[in-house]
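Colleague: could you look at this predicted model? Sequence included:
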Amino acid sequence: MLQLNVLDHKDNLGQEEVNNMFYQSPFNYALLINEMNNNPEKALLFKAIEKLDDGFFDGHLLLNQLIQKSNIDALLVSALYSQENENENIFLKRHILTLEKLVELNHPLALYALGVYYDQGKFVLEDKNKAAHLFKLSSDLGIPQANFIYGVMLYYGTGGMDKDTEKALDLLNRAIAMNIQEAKEFLDYLNNPAENKNGR
């Protein structure tokens, strides 16, 4: 079980930053919507999201119906929205702790999101080793961006990972096949280091 160090967040950007992570990023939003579309209770999930987007907290009541049925996608969505009378610090701690619970349930998006937080030191204390572990698990579950990030970590041997160039290149090529532009740019850089250096 991961030991969390949730940072106090004294401004009002917590919900906004979580929103940016899951909704404003076209890549992450596509992953989220794809996850919802594969859920057998997707109609109720999208109805709850619509209510929450419109500022109606009773969307959480719909999510709770699904959570009681062990619907882990509903649990993820519940972690993306503030509850009534919930301040920023309470929301963020609930958000992170819910992601941790979802990580224990092997939810691919939760693994990836918590990996990003640990990698960037966002909401939690920075820990590259924990981030690498989470990216590996989400990569194993087919998250394209995790293939890229974990591939880079393996290429350089960072995040407590042993350097493994062959595995790294395999992951980077998988990411390219899944339309991750950063992976293509990284491989282009590796294949043409002098050209990239002169082009700067």
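Modeller: Perfect, I can see it now. This is a predicted model, so every value here is computed, not measured.
Colleague: could you pick out the longest helix of the protein?
Modeller: When the chain is parsed with DSSP state H, its longest helix is helix 88-104.
Colleague: figure out how far that one is from the centre of its chain.
Modeller: Mean-position distance between helix 88-104 and its chain equals 12 Å (Cα atoms, centre = their mean, to the nearest Å).
Colleague: what's the answer for stretch 55-69, then?
Modeller: For stretch 55-69 - counting by Cα atoms, centre = their mean - the centre lies 22 Å from the chain centre.
Colleague: contact partners of it?
Modeller: Identification of contacts with stretch 55-69 by Cβ atoms under 8 Å, 6 or more residues apart in numbering yields 41, 44-45, 47-52, 73-75, 77-78, 81, 83-84. Placement of C-beta: from N, CA and C, glycine included.
Colleague: how about Glu35, what does it touch?
Modeller: Applying Cβ under 8 Å, 6+ apart, the residues near Glu35 are Asp73, Leu76, Pro108, Leu109.
Colleague: which residue is nearest the middle of the chain?
Modeller: Ala113 (2.0 Å; Cα atoms, centre = their mean).
Colleague: now the strands for the protein?
Modeller: Here the chain has no strands by DSSP state E.
Colleague: show me where the chain has helices.
Modeller: Taking DSSP H as the criterion, the chain carries its helices at 14-19, 26-37, 42-53, 59-67, 72-78, 88-104, 108-120, 128-140, 144-156, 165-177, 181-191, 193-198.
Colleague: CA atoms only for the fourth one, dumped as PDB, please.
Modeller: Right, the one you point to is helix 59-67. Provided in PDB are the C-alpha atoms of helix 59-67 (Å, rounded to 0.1, in the frame of the first residue of the first chain):
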ATOM      1  CA  GLY A  59     -24.900  14.200  -9.000                       C
ATOM      2  CA  HIS A  60     -23.000  12.600  -6.100                       C
ATOM      3  CA  LEU A  61     -26.200  10.800  -5.100                       C
ATOM      4  CA  LEU A  62     -26.300   9.100  -8.500                       C
ATOM      5  CA  LEU A  63     -22.600   8.200  -8.200                       C
ATOM      6  CA  ASN A  64     -23.100   6.800  -4.700                       C
ATOM      7  CA  GLN A  65     -25.800   4.400  -6.100                       C
ATOM      8  CA  LEU A  66     -23.100   3.000  -8.500                       C
ATOM      9  CA  ILE A  67     -20.300   3.000  -5.900                       C
END
